[in-house]
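[1] A predicted structure for the sequence below; I have some questions about it.
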There are 2 protein chains.
Amino acid sequence: MNAGQSRTRIQKKNRETILEAALDVFSSEGFRGATLDQIAATAGLSKPNVLYYFSSKEAIYTELLSMLLDTWLDPLREMDGAGDPLDEILDYVKRKLQMSRDFPRESRLFANEIVQGAPRILDQIAGPLRELVDEKAGVIRQWSDEGKIAVLDPYHLIFSIWATTQHYADFDIQVRSILRPEGDAHLDDAMDFLAGFFGRALRPDPD
Amino acid sequence: MNAGQSRTRIQKKNRETILEAALDVFSSEGFRGATLDQIAATAGLSKPNVLYYFSSKEAIYTELLSMLLDTWLDPLREMDGAGDPLDEILDYVKRKLQMSRDFPRESRLFANEIVQGAPRILDQIAGPLRELVDEKAGVIRQWSDEGKIAVLDPYHLIFSIWATTQHYADFDIQVRSILRPEGDAHLDDAMDFLAGFFGRALRPDPD
DNA sequence: AAATTGTTTGACCAATTGGTCAGGAAGACG
DNA sequence: CGTCTTCCTGACCAATTGGTCAAACAATTT
């Protein structure tokens, strides 16, 4: 398949269809657990036709991963060192939880990959992701130094934001088994909880 | 294989060897991704011999899961409604993080299972786990009502403890890629962070 | 030592899986 | 229209996988 730019109308449509189907299958079965037959069936295409658009199962997977990583990091990128510290962090929490609500499959795709040791995305994590985190950790540290928020390790703070928000996508079935919510109502409760929780934890100590 | 009690010396040893090997393989590859050949090779046994002790791949997996779930919930069981509220919760956080350090494979085994929709453990989650959580959430709610800790949704508080502590086992590779720690040193930092974090968040409001 | 029971394995099997290929169907284009 | 390229498929293949089985081998019991 054409590795470069030019794509016909049909190519654009079918590649999109395949990636959408692959997201479905990979996110719920993991790379090894997903089969080309499943992906093809979900996409409504024949298996050879899927392989006409992507050279291999792995090619579909890695394309998905690299396409989605950027989107995934956008909420953190938006955190603005010039804004109000507490608002910026709480807004980040909000955006991240919103992504768990809107893109749970994407979250699970990454979760699957990382739990299994990130064999096909380690470069991206040790590279761009790490750099972004380093940068934003610097911003948070400065806010701490200026007394705008409590003094807390910024890296572990970021981890705790990832963990608490992605939990609602990755462990959705567990959350639902325990809360038995109607639809997504519990995510509003989660947002209230997290706002209160991070708000309290970040409130600066009196001098 | 004998489904009942009586086991010979050799049976005990080999079943244990197989389960240990299976934990290794299942936790890093997921159910579908793991193969009997891998498990047999890791255990140092032949594949038919593995199947002499367990009737199928699935039998190994479900036995592992149900064996480990109890251990997994022990830290929460220990949380004592009669103890000092803040201490009890912080001790729970500590025990849970300790489990991420000591039993990361077990954590990843559950993570894999639950991310993929918990197809073979849903009963356990909707049953015993849910009941335990309901009970402990009641305890926490009471502490809130008595003004001993801040007023926060107890279910989401428990989720946040799970999420933040298990993160260090399940997303270990990501944490390491970002922090580049020597050995497990970062887990001590994580403990300091989480103690400060939960301590601040739970501190009751002045009346 | 013989008989019985428990353990191990090589050889094998059917199903699944990722991937190939020759050729046909359908668009694009002059 | 005819030609050229793109798109699609049935049939096929080799490798892998979960699982079986008869027979050999080792322990234990009598």
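    Sure thing, it's come through.
[2] residue boundaries of the helices in chain A?
    A:9-33, A:36-43, A:47-53, A:57-77, A:85-102, A:104-115, A:122-124, A:130-145, A:154-170, A:172-179, A:185-202 (DSSP state H).
[3] and the contacts of the third one?
    Same thing as helix A:47-53. If you take Cβ atoms under 8 Å, 6 or more residues apart in numbering or on different chains as the criterion, helix A:47-53 is touched by A:1, A:11, A:14, A:15, A:18, A:36, A:37, A:39, A:40, A:43, A:60. Backbone N, C-alpha and C define where each C-beta goes, glycine included.
[4] among these, show me the least confident.
    Comparing pLDDT over these singles out residue A:1 as the least confident position, at 48.
[5] and chain A, which residues reach DNA strand D?
    A:8, A:10, A:11, A:14, A:45, A:46, A:47, A:48, A:49, A:52 (Cβ under 7 Å from any atom of the strand).
[6] pull the helix or strand with minimum mean pLDDT from chain A.
    helix A:122-124 (a mean of 93; mean pLDDT, DSSP states H and E).
[7] mind giving me the packing neighbours of that helix?
    Packed against helix A:122-124, as judged by 3 or more Cβ pairs under 8 Å, 6 or more residues apart in numbering or on different chains; DSSP states H and E, are the following elements: helix A:57-77.
[8] give me the residues contacting the helix it packs on.
    So helix A:57-77 is in contact with A:18-19, A:22-23, A:26, A:31, A:34, A:36, A:39, A:50, A:54, A:92, A:95-96, A:99, A:103, A:106, A:109-110, A:113, A:120-121, A:124, A:128-129, A:132-133, A:136, A:158, going by Cβ under 8 Å, 6+ apart.
[9] hmm, residue A:95 is touching residue A:101, no?
    No: taking Cβ atoms under 8 Å as the definition, residue A:95 is not a contact partner of residue A:101, at 10.7 Å.
[10] which stretches of chain A have low pLDDT?
    Low-confidence regions of chain A, defined here as pLDDT under 70, cover residues A:1-6, A:207.
[11] let's see that with 80 instead.
    Regions of chain A meeting the criterion pLDDT under 80 cover residues A:1-6, A:206-207.
[12] those residues of it touching DNA strand C, which are they?
    In this structure, chain A approaches DNA strand C at residues A:8-10, A:34-37, A:47-48, A:51, A:55-58, judged by Cβ under 7 Å from any atom of the strand.
[13] for those, pick the one with the most neighbours.
    residue A:34 (23 neighbours; other Cβ atoms under 10 Å in any protein chain shown).
[14] now that residue. Nearest residue, chain neighbours left out?
    Distances taken as Cβ to Cβ, 6 or more residues apart in numbering or on different chains place residue A:25 nearest to residue A:34, at 4.5 Å, with adjacent residues excluded.
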